[in-house]
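Asker: got a structure for you, letters missing:
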Ligand code: ACO
């Protein structure tokens with residue numbers, strides 16, 4: 001079977017890898033559900049801890065359960081000195097995603113339960129890693145800005161504490177609302193590249209630290225999580241709304257991809273982009289000149305791309321397109337966008353691992369071999 005004419009699905013397009021009840025992406029109609037709940041409702045009413053509980057446990061928490069998960073996440077926030085040292089050592093040398101990957105991997109050394117693969121230990125470790133990835137990202141940003149490690153404040157919620165550890169100041173309401181929404185919107189998205197990367201590592205029965213470190217590695221690239229940074233850098237390069245048309249025309253003529261557009265599954269407007277766009281527009285009264293410029297560029301680019309490629313080619317704005325300007329409004333530097341995506345997505349990665357391990361099977365796909373066989377080995381002296 002393997003050596004007869006196989007069908008290759010490039011990029012695994014259209015291939016189902018598992019059954020899952022975590023997330024439904026309805027790409028034709030532009031709808032997204034976490035455990036059955038529409039993303040719009042969660043963004044409007046929920047918070048990150050509740051969404052994390054929902055993703056990991058399959059249902060919304062009751063009062064005491066929500067209190068407990070908040071306590072569990074808060075109690076794991078403080079980083080071991082060894083992790084802080086990695087961040088200090090790499091600051092200014094490595095890309096923040098590289099530091100995040102290294103520091104997340106190193107977390108395993110500080111968790112006595114690392115090798116325990118029982119479901120209960122995996123749930124506890126999931127909460128610890130979700131908590132600490134946020135602390136690592138905040139500390140990477142804090143140190144890059146010239147500050148020292150900020151000890152977490154247990155009286156704050158997960159997202160507010162993230163902002164506190166980043167800025168050594170609790171966020172104002174506007175910053176908190178923005179970041180709460182961004183954490184919820186980015187928490188999960190079915191078997192995308194980074195979740196699949198996480199699952200491939202976890203399917204070998206490697207521990208959750210190995211699996212999530214793999215997810216972070218996969219998220220980094222500009223075709224996936226790195227697109228939010230790339231899209232903002234593009235807006236910066238465009239510089240003013242008047243230059244937008246020329247830039248997009250020339251990108252399309254040169255067959256260049258416009259970052260923040262297109263998606264393997266969505267062939268309709270990404271519902272997350274709709275929420276973030278509405279948010280961006282709501283931020284306009286009193287916005288800084290920088291934000292107004294980004295917004296004008298983004299809206300012009302969106303209009304052109306949708307007219308040219310929307311209905312005809314199924315290329316619409318994705319979650320990453322409007323994210324940059326919104327993060328800017330919350331005072332987040334551009335090279336923290338993708339690490340923040342990882343901090344939020346660690347909840348989805350962990351949920352997938354916990355689910356997949358219930359019925360684990362090693363991932364081991366095949367390749368169609370196109371090379372030669374039975375070549376005669378020639379000693380090095382005879383190879384001239
Ligand atoms: N700008 C211009 N053209 C595009 C874009 C884009 N952003 N995206 C796809 N296309 C075109 C391609 O050039 C290609 O055209 P062709 O058939 O004439 O060669 C066609 O659409 C199909 O593109 P593929 O890259 O093969 O489609 P795929 O399903 O692999 O695309 C992807 C998904 C990788 C996300 C792609 O749309 C892309 O590179 N977008 C830009 C990067 C980006 O925004 N990534 C974030 C995605 S969301 C996330 O991961 C969180």
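Answerer: Thanks, I have the structure now. Bear in mind the structure is a predicted one, so any value in this text is a computation, not a measurement. Residues are numbered from 1 along each chain as shown.

Asker: give me the neighbour count for residue 215.
Answerer: Residue 215: 31 surrounding residues under other C-beta atoms under 10 Å. Glycine gets a C-beta too; all of them are placed from N, C-alpha and C.

Asker: are the helix or strand where it lies and the ligand in contact anywhere?
Answerer: Using DSSP states H and E, the element containing residue 215 is helix 208-219. No - for helix 208-219, no contact with the ligand is found by C-beta under 6 Å from any ligand atom; the gap never falls below 8.2 Å.

Asker: what pLDDT, on average, does that helix get?
Answerer: For helix 208-219, mean pLDDT is 98.

Asker: residues in contact with it?
Answerer: Residues outside helix 208-219 that contact it (C-beta atoms under 8 Å, 6 or more residues apart in numbering): 97, 100-101, 104-105, 107-108, 111, 114, 122, 125-126, 129, 133, 193-202, 224-226, 338, 341-342, 345-346, 349-350, 353.

Asker: check the residues you listed against the ligand, which are close?
Answerer: 224, 225.

Asker: so which of the contacts of helix 208-219 belong to strands?
Answerer: Of the contacts of helix 208-219, none are assigned to strands by DSSP state E.

Asker: quick one: name whatever helix or strand follows the helix-or-strand element of the chain with minimal mean pLDDT.
Answerer: One helix or strand of the chain scores below all others by mean pLDDT, DSSP states H and E: helix 311-313, with a mean of 93. As assigned by DSSP H and E, the chain's next helix or strand after helix 311-313 is helix 323-329.

Asker: hmm, that next one touching the ligand?
Answerer: No - judged by C-beta under 6 Å from any ligand atom, helix 323-329 makes no contact with the ligand; its nearest approach is 9.3 Å.

Asker: against which helices or strands is that helix packed?
Answerer: Contacting helix 323-329 under the criterion 3 or more C-beta pairs under 8 Å, 6 or more residues apart in numbering; DSSP states H and E are the following elements: helix 173-185, helix 227-238, helix 271-282, helix 289-305, helix 337-357.

Asker: measure the closest residue to residue 115 other than its chain neighbours to the ligand for me?
Answerer: For residue 115, ignoring the flanking residues on the chain, the nearest one in space by C-beta to C-beta, 6 or more residues apart in numbering is residue 207 at 6.4 Å. Residue 207 is 26 Å from the ligand, where distance means C-beta to the nearest ligand atom, to the nearest Å.

Asker: go on, residue 322?
Answerer: For residue 322 relative to the ligand (C-beta to the nearest ligand atom), the value is 12 Å.

Asker: what residues does that residue make contact with?
Answerer: Shown in contact with residue 322 (C-beta under 8 Å, 6+ apart): 260, 273, 276, 277, 279, 280, 298.

Asker: hmm, 10 Å instead?
Answerer: Contacts of residue 322 were listed using C-beta atoms under 10 Å, 6 or more residues apart in numbering, and they are 228, 231-232, 260, 270, 272-281, 294-295, 298-299, 302.

Asker: among those residues, which ones lie close to the ligand?
Answerer: Answer for the contacts of residue 322 near the ligand (C-beta under 6 Å from any ligand atom): residue 260.

Asker: show me the contact partners of the least confident helix or strand of the chain.
Answerer: Residues outside helix 311-313 that contact it (C-beta under 10 Å, 6+ apart) are 261, 262, 267, 268, 305.

Asker: by neighbour count, which of those residues wins?
Answerer: residue 261 (24 neighbours).

Asker: correct me, but it touches residue 298?
Answerer: No - using C-beta atoms under 10 Å as the test, residue 261 is too far from residue 298 to be in contact (11.3 Å).

Asker: residue of the stretch 1-150 of the chain closest to the ligand, please.
Answerer: residue 11 (5.7 Å; C-beta to the nearest ligand atom).

Asker: which SS state does that residue fall under?
Answerer: The local conformation at residue 11, judged by DSSP: H, G, I helix; E, B strand; the rest coil, is helix.
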